[in-house]
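Visitor: after the sequence you'll find the predicted model.
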Amino acid sequence: MELNIDQLRASTPGVTNVLHFNNAGCSLPIKEVIDIITEYIQTEAMMGGYETKDYYQSTIDQFYHRAAQLINASPDEIAIVGNATEGINKVLYAFPFQKGDIILTTEVEYGNNYLNFLNLKKEKGIEIEIIPNDDFGNILLEKMESMISPKVKLIAITHIPTNSGLVVPAEKIGAIAQKHHIPYLLDACQSVGQMPVDVKKIQCDFLSTTSRKYLRGPRGLGFMYVRKKWLQKLNPPSLDMVTAHWEDSQNYHLDRTIKMFEHWEKPYAMVLGFSKALAYINELGIEKTWNRIQYLANLLREKLSTIDGIQVLDIGTQKCGLVSFKLKDIPCEELHQFLLKQNINTSVSARFCTVIDMDKRGLASVNRASIHYYNTEEEINFFIKKIAYIAEQVALAKNKPIK
Ligand SMILES: Cc1ncc(COP(=O)(O)O)c(C=O)c1O
């Protein structure tokens, strides 16, 4: 069945209020997500927090099945975490790095991840090596393979970077990682919910993602995937009574299940909301929604590139719903604020999010419009009209603030 856009918009209350092209920041939530969160909080208020959790336990447990279904994992390989970064860090700080070990990564790696590579460099003496891109922004896979050595202990890749419209070829990287038996960590923060992500096809060992972006769940949650064989080999960076059992004044023992990456205390209202969002995308079908996202984002790219003064700044061959651009002679933040006043949400991606790529391209920041399947051609046309108007104003009154 085709996607029913009217129905999708009817279950997205925010579309009546705002033109939202900031789905890569935080998408507009689905009505069913808002409803279950509200229902749960009201039940907590009436019944008590622990009692409500017990009452909803079987519904809470569905979360793991729904997340596993979406990425083709098993429910006992899924842990609920606070956000994508927390999931990445739980792997990085559980990993048995030794001095001189190498993390292999890309030019488009996300800031939070790279900061932790740098911290591991400082604390443990690891090295970071960066796989170069070609002139079009595509990762050089042959070069990557030539960089593999016994010192490379982890390949850590951002699937969809925050600033450049690119989809990194996660499956091809996975094939190389597998061939050389190197563990593979995927930051799928922007890809899960946006495009098909299948951990078996990608052959990653670890993955982390977030609720609030393309999955359209509530803020403040994420989930991580750890391939089962790693549960015996990793020591969680901190313990919690979920799986660590305190025996006496000197001892504890650990159940080596995926739960060792979870906290005992969780925002269960949000977990149920996140779970609803997962059920929603599983039901819609990720192939269909991904096709629509690509269609809309390509339309936006095409139309933007016809406007005088606009430079579309996306790189690479395979592109996604994130569209990055700049308008000549106007600071990104000024354009962003102008659009906000017109009830249009976009965002600005700054250098500090992706330092290596931005420095290579001489960019301090870019404007970003990120499209989801519930957006429409009409919204794109409206957006383009506004941008064309601003471009005209800027050309007429160089260096004066726009009104
Ligand atoms: C590519 C990428 N990775 C990781 C993150 C961090 O996600 P979170 O804020 O959920 O930790 C972001 C956030 O924008 C991102 O764009």
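Guide: The structure has been received and is ready for your questions. Numbers count the residues shown, from 1 in each chain.

Visitor: only C-alpha atoms for contact and neighbour calcs from this point on.
Guide: Fine.

Visitor: straight-line length of stretch 202-211, end to end?
Guide: End-to-end distance for stretch 202-211, by Cα to Cα, to the nearest Å: 21 Å.

Visitor: apologies, that question was intended for stretch 310-329.
Guide: End-to-end distance for stretch 310-329: 10 Å, by Cα to Cα.

Visitor: before we move on, what about stretch 259-273?
Guide: 20 Å.

Visitor: who touches that stretch?
Guide: For stretch 259-273, the external contacting residues (Cα atoms under 8 Å, 6 or more residues apart in numbering) are 32-34, 36-38, 40-41, 53, 59-60, 63, 79-81, 90, 217-219, 221, 236, 239-244, 254.

Visitor: counting only strands, which of the residues you listed make the cut?
Guide: Among these, the ones falling in strands (DSSP state E) are 79-81, 244, 254.

Visitor: at the contact with the ligand, which residues of this structure appear?
Guide: 25, 83-85, 110, 158, 160-162, 187, 189-190, 210 (Cα under 6 Å from any ligand atom).

Visitor: from these, pick the one nearest residue 307.
Guide: Nearest to residue 307, judged by Cα to Cα, of those is residue 162 at 23.6 Å.

Visitor: quick one: that closest one and residue 353 touch, right?
Guide: Yes - Residue 162 is in contact with residue 353 according to Cα atoms under 8 Å; the separation is 7.4 Å.

Visitor: shared neighbours, those two?
Guide: Counting by Cα under 8 Å, 6+ apart, the contacts common to residue 162 and residue 353 are residue 110.

Visitor: between those two, point out the one with more neighbours.
Guide: Legend: neighbour count by other Cα atoms under 10 Å for residue 162 and residue 353, higher for residue 162 (25 against 20).

Visitor: before we move on, back to that, out of the residues of the chain next to the ligand, who's the most crowded?
Guide: So for those (other Cα under 10 Å), the most neighbours sit at residue 210, 33 neighbours.

Visitor: mind listing what the nearest residue to it once chain neighbours are set aside touches?
Guide: Distances taken as Cα to Cα, 6 or more residues apart in numbering place residue 222 nearest to residue 210, at 3.9 Å, with adjacent residues excluded. Applying Cα under 8 Å, 6+ apart to residue 222 gives the contacts 80-84, 87, 208-211.

Visitor: if we go to 6 Å?
Guide: For residue 222, the set of contacting residues under the criterion of Cα atoms under 6 Å, 6 or more residues apart in numbering consists of 81-84, 209-211.

Visitor: so which of these belong to helices?
Guide: Assigned to helices by DSSP state H, the following of the contacts of residue 222 qualify: residue 84.

Visitor: quick check, nearest of the contacts of residue 222 to residue 227?
Guide: Each of the contacts of residue 222 was scored against residue 227 by Cα to Cα, and residue 209 proved nearest at 14.9 Å.

Visitor: which residue, neighbours along the chain excluded, lies closest to the closest one?
Guide: For residue 209, the nearest residue in space outside its immediate sequence neighbours is residue 189; the separation is 4.0 Å by Cα to Cα, 6+ apart.

Visitor: check the one you found and give its pLDDT.
Guide: For residue 189, the model assigns a pLDDT of 98.

Visitor: could you number the chain from 6 rather than 1 from now on?
Guide: Noted, 6 is the first residue going forward, which turns the last one into residue 194.

Visitor: so it, which state does it fall into?
Guide: coil (DSSP: H, G, I helix; E, B strand; the rest coil).

Visitor: distance of it relative to residue 270?
Guide: Separation of residue 194 from residue 270 (Cα to Cα) stands at 23 Å.

Visitor: how about residue 197?
Guide: Taking Cα to Cα as the criterion, residue 197 is separated from residue 270 by 25 Å.

Visitor: more neighbours: which of these two?
Guide: Neighbour count, other Cα under 10 Å: between residue 197 and residue 270, residue 197 has more, with 25 against 8.

Visitor: and the helices in the stretch 106-255 of the chain?
Guide: Secondary structure of the stretch 106-255 of the chain, counting by DSSP state H, counting those that start in this stretch: helices at 116-129, 146-151, 175-184, 204-207.

Visitor: now those helices in a markdown table, with mean neighbour count and mean pLDDT?
Guide: Formatted as a markdown table, the helices of the stretch 106-255 of the chain follow (neighbours: other Cα atoms under 10 Å; pLDDT from 0 to 100):
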| stretch | mean neighbour count | mean pLDDT |
| --- | --- | --- |
| helix 116-129 | 16 | 98 |
| helix 146-151 | 14 | 98 |
| helix 175-184 | 18 | 98 |
| helix 204-207 | 18 | 98 |
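
Visitor: the ones you listed into CSV, with extra columns for distance to residue 395?
Guide: Compiled in CSV, those are given as follows (distance: least, Cα to Cα, whole Å):
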stretch, distance to residue 395
helix 116-129, 31
helix 146-151, 41
helix 175-184, 38
helix 204-207, 42
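
Visitor: for ChimeraX, write the selection for the buried entries among the contacts of stretch 264-278.
Guide: With 16 or more other Cα atoms under 10 Å as the burial test, the buried ones among these are selected in ChimeraX as follows:
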select :38,39,41,42,45,46,58,65,68,84,85,86,95,222,223,224,226,241,244,245,247,248,249,259
